[in-house]
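In: sequence-free structure coming up:
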């Protein structure tokens, strides 16, 4: 099941954070704020006793291992760690985020957690295995199988059964992890960027227009239409779900103009 879904997702995409990864804490039993679209679930959970602690529709993907449910609940995938896309852009970070978005973006997911496991990490995010409600696909497993996430042994206590399952998965080697020009995380060729290429910043490789690489940007901070250079969209400028993505971001704005001054210039 997992490998079939990963293969389909990677065919559609060449493939994160603001929240740094970290070990779970033994914080309060609450799984975080519950709002519209997020509620305590009554699902059966897993055969090993892990229970469904919350379910909701995914409204945003922060990076490969962190997502947000409708109502604002932030969820970090237990055990797994994906490359960063915020602050420092790491190889395969955009691809991991794109795979997560393609598998669970705008879909209803359940968060599973074994008895006694810490409910929150040190950043206050709900921790668990994230599975699609419609078919049971595990996002944690899919990322590891695609070679876009590693199972971090330091976090085994978050879900020992999940850690054992992840250790048995043969991981692929994605194109972004291979040396050479085929890597989607490599910058586009010199001179291939459009927009303000002399602004004193490094052009983000995911966008044709020379957006600064580093801090996250939204369309209000960009101020003009942008074109994606591939399928990765770490700033999430091209819609929140795969169904709304067409390779062009911030489409309510006009094209970049050499005579205009945009917010990210400052």
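Out: Arrived safely. Bear in mind the structure is a predicted one, so any value in this text is a computation, not a measurement.

In: and this protein, what are its domains?
Out: The chain breaks down into these domains under automatic domain parsing: 2-167, 187-266.

In: between the ones you listed, which one is nearest to residue 173?
Out: Residue 173 lies closest, by CB to CB, to one member of these: domain 2-167, at 5.3 Å. No exception for glycine: its C-beta is placed from N, CA and C like everyone else's.

In: distance between the closest one and the chain's centre?
Out: In terms of CA atoms, centre = their mean, to the nearest Å, the centre of domain 2-167 is found 9 Å from the chain centre.

In: Just send the domains of the chain back as CSV, with distance to residue 178, mean neighbour count and mean pLDDT too.
Out: Formatted as CSV, the domains of the chain follow (distance: least, CB to CB, whole Å; neighbours: other CB atoms under 10 Å; pLDDT from 0 to 100):
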stretch, distance to residue 178, mean neighbour count, mean pLDDT
domain 2-167, 10, 20, 78
domain 187-266, 15, 17, 80
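
In: how about those in JSON lines, adding distance to residue 176?
Out: Shown next, in JSON lines, are the domains of the chain (distance: least, CB to CB, whole Å):
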{"stretch": "domain 2-167", "distance to residue 176": "4"}
{"stretch": "domain 187-266", "distance to residue 176": "9"}
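
In: For the stretch 151-266 of the chain, which segments count as strands?
Out: Assigned strands in the stretch 151-266 of the chain, in chain order: 226-227, 248-249 (criterion: DSSP state E, counting those that start in this stretch).

In: partners of the first one in the sheet?
Out: Using DSSP bridges, the neighbouring strands of strand 226-227 in the sheet come out as strand 248-249 (antiparallel).

In: list the contacts for the closest residue to residue 159 other than its chain neighbours?
Out: Nearest residue to residue 159, sequence neighbours excluded (CB to CB, 6 or more residues apart in numbering): residue 78, at 4.6 Å. Contacts for residue 78 (CB atoms under 8 Å, 6 or more residues apart in numbering) come out as 24, 113, 117, 127-129, 140, 155, 158-159, 162.

In: re earlier: what's the closest of the strands of the stretch 151-266 of the chain to residue 210?
Out: So among the strands of the stretch 151-266 of the chain, strand 226-227 is nearest, using CB to CB, at 9.9 Å.

In: of all the strands of the stretch 151-266 of the chain, which lies closest to residue 74?
Out: Nearest of those to residue 74, taken as CB to CB: strand 248-249 at 23.1 Å.

In: the longest strand in this protein is where?
Out: If you go by DSSP state E, the chain has its longest strand at strand 51-63.

In: Given it, what are its sheet partners and their directions?
Out: Sheet pairing of strand 51-63 (DSSP bridges) gives strand 38-39 (antiparallel), strand 66-69 (antiparallel), strand 108-113 (antiparallel).

In: Let me know the distance separating residue 151 from residue 60.
Out: Using CB to CB, to the nearest Å, residue 151 is found at 24 Å from residue 60.

In: Oops, could you answer that again for residue 168 instead?
Out: Per CB to CB, residue 168 is found 31 Å from residue 60.

In: Could you say which one of the strands paired with strand 51-63 comes nearest to residue 123?
Out: The nearest among the strands paired with strand 51-63, by CB to CB, is strand 66-69 at 9.1 Å.
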